[in-house]
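Visitor: structure here, sequence nowhere to be found:
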């Protein structure tokens, strides 16, 4: 249904649907997901000197591919799209049948970006499982890694939306990548935050995107880390989206 058509669908959900359609129509994300999927399926046959660690190598490649897919969706469909909206001065909003605030627009963009990121993760989890099976590894690892990547996706999408609100497309993509990289270094940089307020600020701005690792052998500790990461990700999502909405309202993106 066109964005501007009259319906009972909330306007921000119409924007989410628009974001998903735009992401599917642009070739960059589907092509990247296809390349990653083919590379995963072919990876067991391309490991010539695994020395018995073929399954571990495939697992590392698969986890990295899932994380990369989420990053690509966040950058291409989140940061770049919102930066384009800002450059256009909110021109697309004139097609809406009902008023929509800048906060609602950004919420719709975030939901659409998140949907695309989760879809990309789920699609890649299939060739990941197939590759693990070929390498005589536990295929269940692919599902565990997909869950962890999907749990981390909301915060990453929120970061991309906020960066797109602040910067032009290129700078927004770079800023999103920096937070993405720091989020995967969180276990190593947590020691820099020595006080409780500093740790809280770090958790809000740089969520732990590793969530205890990407394997299914983390045990109870990994499950606790996943639960803590879910709560921390929700906090970071709220902080980044709230900041983006405040900036957008101040700039009156309408």
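Guide: Here it is on my side, so go on. Here the structure is a predicted model, which means the values were calculated and not measured. Numbering: from 1, shown residues only.
Visitor: list the buried residues in stretch 123-142.
Guide: Neighbour-count burial for stretch 123-142 flags 123-125, 127-132, 134-135, 137-139, 141-142 (criterion: 16 or more other CB atoms under 10 Å). No exception for glycine: its C-beta is placed from N, CA and C like everyone else's.
Visitor: in helices, which of those residues fall?
Guide: Counted as lying in helices by DSSP state H, out of the buried residues of stretch 123-142, are 123, 124, 125, 127, 128, 129, 130, 131, 132, 134, 141, 142.
Visitor: tell me who's in contact with the third one.
Guide: Under the criterion of CB atoms under 8 Å, 6 or more residues apart in numbering, the neighbours of residue 125 are 66, 142, 143, 145, 146.
Visitor: how about the first one?
Guide: Shown in contact with residue 123 (CB under 8 Å, 6+ apart): 33, 37.
Visitor: the fourth one too?
Guide: When contacts are counted by CB under 8 Å, 6+ apart, residue 127 touches 37, 38, 40, 41.
Visitor: where in the stretch 151-254 of the chain is pLDDT low?
Guide: Using pLDDT under 70 as the threshold, the predicted model of the stretch 151-254 of the chain has low-confidence ranges 212-223, 252-254.
Visitor: just send the ones in helices among the buried residues of stretch 123-142 back as a markdown table, with pLDDT and distance to residue 80 too.
Guide: A markdown table is the format used below for those (pLDDT from 0 to 100; distance: CB to CB, whole Å):
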| residue | pLDDT | distance to residue 80 |
| --- | --- | --- |
| 123 | 96 | 21 |
| 124 | 96 | 21 |
| 125 | 95 | 25 |
| 127 | 95 | 26 |
| 128 | 95 | 26 |
| 129 | 94 | 30 |
| 130 | 93 | 31 |
| 131 | 93 | 30 |
| 132 | 91 | 32 |
| 134 | 89 | 35 |
| 141 | 90 | 32 |
| 142 | 92 | 29 |
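Visitor: where in the stretch 1-150 of the chain is pLDDT low?
Guide: Applying pLDDT under 70 to the stretch 1-150 of the chain flags the ranges 1-8, 48-52, 89-99.
Visitor: if we use 90, what do you get?
Guide: 1-15, 18, 24-26, 43-57, 84-105, 134-140 (pLDDT under 90).
Visitor: the helices in it, which residues?
Guide: Secondary structure of the stretch 1-150 of the chain by DSSP state H, counting those that start in this stretch: the helices cover 11-25, 28-46, 54-74, 80-87, 102-134, 140-166.
Visitor: pick the most buried one from the ones you listed.
Guide: With neighbours defined as mean count of other CB atoms under 10 Å, these peak in mean count at helix 140-166, which reaches a mean of 25.
Visitor: just name whatever secondary elements that one is in contact with.
Guide: Contact partners of helix 140-166 among helices and strands, from 3 or more CB pairs under 8 Å, 6 or more residues apart in numbering; DSSP states H and E: helix 54-74, helix 80-87, helix 102-134, helix 169-184, helix 219-251.
Visitor: among those helices, which comes closest to residue 47?
Guide: Nearest to residue 47, of all the helices and strands packed on helix 140-166, is helix 54-74, at 5.1 Å by CB to CB.
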